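Colleague: pasting the sequence and the predicted coordinates here, then a few questions.
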Amino acid sequence: MTLRNRELVNLLLVGLLTAAGFTAVYIARQDVVSAGSLSYAAFFLAVFVAAHVILRFALPDADPFLLPLGGLLTAVGLTMIYRIDPDLALRQGLWVVVGLAAFALLVVFVRDYRLLDRYKYILGLMAILLLALPAVPHFGRTINGANLWVGIGGIVFQPGEFAKVLLVIFLAGYLRDNREMLSIGTGRFGIPSLKHFGPLLVIWGGAMLVLFQTNDLGGGLLYFSIFLAMLWVATARWQYVVVGLGLFAAGAYALYHVTPHVRERVSIWLDCSWTFSSACPVYDQGYQLAQSIYAISGGGFFGQGLGRGVLLTAEGNTYIPYLETDFIYAGIAQELGLAGAAGLVLLYVVFCYRGFKIALQASDGFSKLLAAGLTAAIGIQAFIIMGGVSGLIPLTGITLPFVSYGGSSVVANFGILALLLMISDRVNRERS
């Protein structure tokens, strides 16, 4: 079976699972099967098959599993959003179309992704500008205590999602050019000299500025973790990772004492996650996390079933605020149980496995670092949000890749998917 035929078979299986999910939710709501519920699944399958057709002509040797994996994660998110609010599911479906359109444009018109290396400094500057946009007066929007959004007219988007991709491209080009210098060690233990820590200190400072500006520990952790992952891939020096983690811990500790929002998130995490003591402000700041933990524990092993969980009040409001965005993993765990929640984690593990395999097989440094950085971005972001929702780490305001409701996240993630497929197509052609 050819790579593209294997991809098509996998997409058809994803389409069947999507139809089953929407049908289960609709039966739970109406006790009948409706053609309207199945139309969501049919439309979903049609747009992904269209993307598959484009890959057949543009990237015939690309990895056959990444697009179905992205489709299955998107299907899980759409089904859960449809269960919460059908109108939101319709909007998310439109954003999926926009994301796949951007995916197609990248695949068709960016014939050689390595040309992006020429513009790495411009892209790096654009990433900084995007990260700074929420701080611009009259444009920035503060939601749930974090200043991560920008509103222009009637459109509200999260520029950090696009900055993440541009930052990875910049780092891939920069680290490829300077990997020899960064790999040189001096002294008894082979620790690089102070001047070689310059880029690390700059990125660390930038991550702390993002944290301070946006009041979001997750954003700074995400950007800095991506950098550390790519730095380790480029140099294979564990000293950078150790020093980097120490610097981030020191910066986070300092900001904990000067930023009330960060201090509040950490306090809620300690009181509600680890001890669940009487100090946990269940009906105040810690309401979301407390309800999330209740929802996850109430799911049991196999869950309550799609559409049958206790997620909505009698008035149709969600028990957990921002359930369709920050806390969608808690809703999945409530209705699909530990088995479904673990299955979702496994999908991200397989996605990362395919992405890192592409990085290992790449012959040039830019492709290797770009694939590793993009894959790390998806994996780390998924861990941060799932860890926060389950109480493993302090709660953050970032989205679950491909699953959470949000247009900017969907479009950025399909851009990452397109770049990974372009790299894999080149890798497989070179190996054949």
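Modeller: Noted; the coordinates are in hand. Residues are numbered from 1 along each chain as shown.

Colleague: could you look up the SS state of R141?
Modeller: At R141 the chain is in strand, as set by DSSP: H, G, I helix; E, B strand; the rest coil.

Colleague: likewise P394?
Modeller: From three-state DSSP, the assignment for P394 is coil.

Colleague: quick one: low-confidence ranges for the stretch 251-400 of the chain?
Modeller: 272-285 (pLDDT under 70).

Colleague: also the stretch 101-250 of the chain?
Modeller: Along the stretch 101-250 of the chain, segments meeting pLDDT under 70 span 142-147, 184-201, 203-208, 210-216.

Colleague: again, only this time at 80
Modeller: For the stretch 101-250 of the chain, the stretches with pLDDT under 80 are 132, 135-149, 151-156, 178-220, 240, 247-248.

Colleague: that one: strands as residue ranges?
Modeller: Using DSSP state E, counting those that start in this stretch, the strands of the stretch 101-250 of the chain run over residues 140-143, 146-152, 155-157.

Colleague: highest mean neighbour count out of these?
Modeller: Stretch with highest mean neighbour count among those: strand 146-152 (a mean of 19; mean count of other CB atoms under 10 Å). Glycine gets a C-beta too; all of them are placed from N, C-alpha and C.

Colleague: give me the number of residues near R237?
Modeller: Using other CB atoms under 10 Å, R237 has 19 neighbouring residues.

Colleague: renumber starting at 20 from here on
Modeller: Right, with 20 as the first residue, what we last looked at is R256.

Colleague: do you know how far it is from F76?
Modeller: Look at R256 and F76: by CB to CB, to the nearest Å, they are 42 Å apart.

Colleague: give me every residue that touches L190.
Modeller: I245, F246, M249, L388, G392 (CB atoms under 8 Å, 6 or more residues apart in numbering).

Colleague: surely the first one touches I188?
Modeller: This points to I245. No. Applying CB atoms under 8 Å as the test, I245 and I188 come out as separate, 11.5 Å apart.

Colleague: can you give me the helices in the chain?
Modeller: All helices of the chain, identified by DSSP state H, fall at 22-49, 54-77, 85-103, 105-128, 139-151, 178-202, 217-233, 236-254, 257-277, 279-288, 306-317, 347-380, 384-409, 426-450.

Colleague: can you pull the buried residues of the fourth one?
Modeller: This points to helix 105-128. A108, Q111, G112, W114, V115, G118, L119, A121, F122, A123, L125, V126 (16 or more other CB atoms under 10 Å).

Colleague: do the same with the fifth one
Modeller: For helix 139-151, the neighbour count (16+ other CB under 10 Å) marks K139, L142, G143, M145, A146, L149, L150 as buried.

Colleague: what's the answer for the last one, then?
Modeller: Along helix 426-450, these residues count as buried under the neighbour rule (16+ other CB under 10 Å): 426-447.

Colleague: picking that back up, would JSON lines of the buried residues of helix 139-151 with distance to G318 be doable?
Modeller: Below are those laid out as JSON lines (distance: CB to CB, whole Å):
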{"residue": "K139", "distance to G318": "45"}
{"residue": "L142", "distance to G318": "42"}
{"residue": "G143", "distance to G318": "42"}
{"residue": "M145", "distance to G318": "42"}
{"residue": "A146", "distance to G318": "38"}
{"residue": "L149", "distance to G318": "37"}
{"residue": "L150", "distance to G318": "36"}
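
Colleague: tell me the contacts of the closest residue to L88 other than its chain neighbours?
Modeller: Leaving aside its chain neighbours, L88 sits nearest to F370 (4.9 Å; criterion: CB to CB, 6 or more residues apart in numbering). By CB under 8 Å, 6+ apart, the contact set of F370 is L85, L88, G89, L92, T394, I397, G398.

Colleague: I figured the fourth one hits S428, correct?
Modeller: No. With contact defined as CB under 8 Å, L92 and S428 do not form a contacting pair (11.7 Å).

Colleague: picking that back up, of all the strands of the stretch 120-269 of the chain, which one is nearest A69?
Modeller: Between A69 and those, the shortest gap by CB to CB is with strand 174-176, which sits at 24.5 Å.

Colleague: return the member of the contacts of L190 nearest to L264.
Modeller: Using CB to CB, those come closest to L264 at F246, 11.6 Å.

Colleague: if I look at the closest one, how far off is A395?
Modeller: F246 is 10 Å from A395, where distance means CB to CB.

Colleague: also E26?
Modeller: 24 Å.

Colleague: over to F67?
Modeller: Remark: distance between F67 and A395 (CB to CB) = 25 Å.

Colleague: just the endpoints, please. Distance across stretch 403-423?
Modeller: 13 Å (CA to CA, to the nearest Å).

Colleague: ok, now stretch 151-171?
Modeller: 15 Å.

Colleague: same check, this time on stretch 405-417
Modeller: 10 Å.

Colleague: distance from it to the middle of the chain?
Modeller: Here stretch 405-417 is found 13 Å from its chain centre; the criterion is CA atoms, centre = their mean, to the nearest Å.

Colleague: residue contacts, Q353?
Modeller: A314, I315, G317, G318, G322, Q323, G328, V329, L330.

Colleague: TSV for those residues, including distance to I412 and neighbour count?
Modeller: What follows is these, written out as TSV (distance: CB to CB, whole Å; neighbours: other CB atoms under 10 Å):
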residue	distance to I412	neighbour count
A314	18	25
I315	15	22
G317	22	17
G318	20	24
G322	24	20
Q323	26	18
G328	24	23
V329	25	13
L330	23	23
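
Colleague: closest to A271 out of those residues?
Modeller: Checking these one by one against A271 (CB to CB), the nearest turns out to be I315, at 25.4 Å.

Colleague: so the closest one touches I351, yeah?
Modeller: No. Judged on CB under 8 Å, I315 makes no contact with I351 at a distance of 9.3 Å.

Colleague: who touches both of the two?
Modeller: Taking CB under 8 Å, 6+ apart as the criterion, I315 and I351 both touch A360.

Colleague: ok, A269 - how many residues close by?
Modeller: A count of nearby residues for A269, using other CB under 10 Å, gives 12.

Colleague: before we move on, the earlier item: which one of the strands of the stretch 120-269 of the chain lies closest to L357?
Modeller: Among the strands of the stretch 120-269 of the chain, strand 165-171 sits nearest to L357 (CB to CB), with 29.2 Å.

Colleague: distance from the chain centre to the closest one, please.
Modeller: Taking mean C-alpha positions (CA atoms, centre = their mean), strand 165-171 and its chain are 18 Å apart.
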